[in-house]
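> can't give you the sequence, but here's the structure:
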C-alpha cells in the first residue's frame, strides 16, 4: 500500500486519499447549479466528496456528475454516480459517498491507471495523477 491509502475491511474496494477540487452537479437541479466540491477519496467503485448543499436530506439516491480538471484545462475527467451515503460534515457542508453508475471502459482504465500509479510511486493519488498526465500528454486540448 502507498502513502495516503486506507482500507476498511467492510468495503468492496479499497479507498485512496484523493484531495482533488472539482465541480459537481446533482440531477434535477438547474443546469447552472454546478457546485464546487472536494473529492476526498476514490476507489474503483466510487468517490467520497464534500460539498455545500442546502437540502442534504434530498440527496440520497440521486445521480451526481463530477468534473475534475486534472491538469489545468488540458485534461478533464468526468464521473457519474448515485448518492449512496450522506453525512453532515459542518453546518454548511456534507460528505457524500457516490457509487459509479456503469463506468465506461475509459473511466475504468483511468481509475486503474491512477490506482497503479499511486501504488508504484507510493504517492497520494493527486500527485500520482499529475505524474501520469505529464507522462501521457493529451494530443489536443478539449474544446471550450
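That came through, no problem. The model shown is predicted, which means the values in this text are computed figures rather than measured ones.

> pull out the buried positions in the helix or strand hosting residue 48.
For residue 48, the element it lies in under DSSP states H and E is strand 46-52. For strand 46-52, the neighbour count (16 or more other CB atoms under 10 Å) marks 46, 47, 48, 49, 50, 51 as buried. All C-beta atoms are positioned from the backbone trio N, CA, C, and that covers glycine.

> likewise stretch 88-108?
Result for stretch 88-108 [16+ other CB under 10 Å]: buried residues 94, 95, 96, 97, 98, 100, 103, 107.

> longest single strand anywhere in the chain?
Ranked by number of residues, the top strand in the chain under DSSP state E is strand 75-88.

> contacts for the following helix or strand past that strand next, please.
Downstream of strand 75-88, the next assigned helix or strand under DSSP H and E is strand 93-100. Residues outside strand 93-100 that contact it (CB atoms under 8 Å, 6 or more residues apart in numbering) are 40, 45-53, 56, 59, 64, 66, 79-89, 107.

> pull the helix or strand with minimum mean pLDDT from this structure.
strand 5-6 (a mean of 37; mean pLDDT, DSSP states H and E).

> next SSE downstream of that strand?
That would be, after strand 5-6 and using DSSP H and E, strand 15-26.
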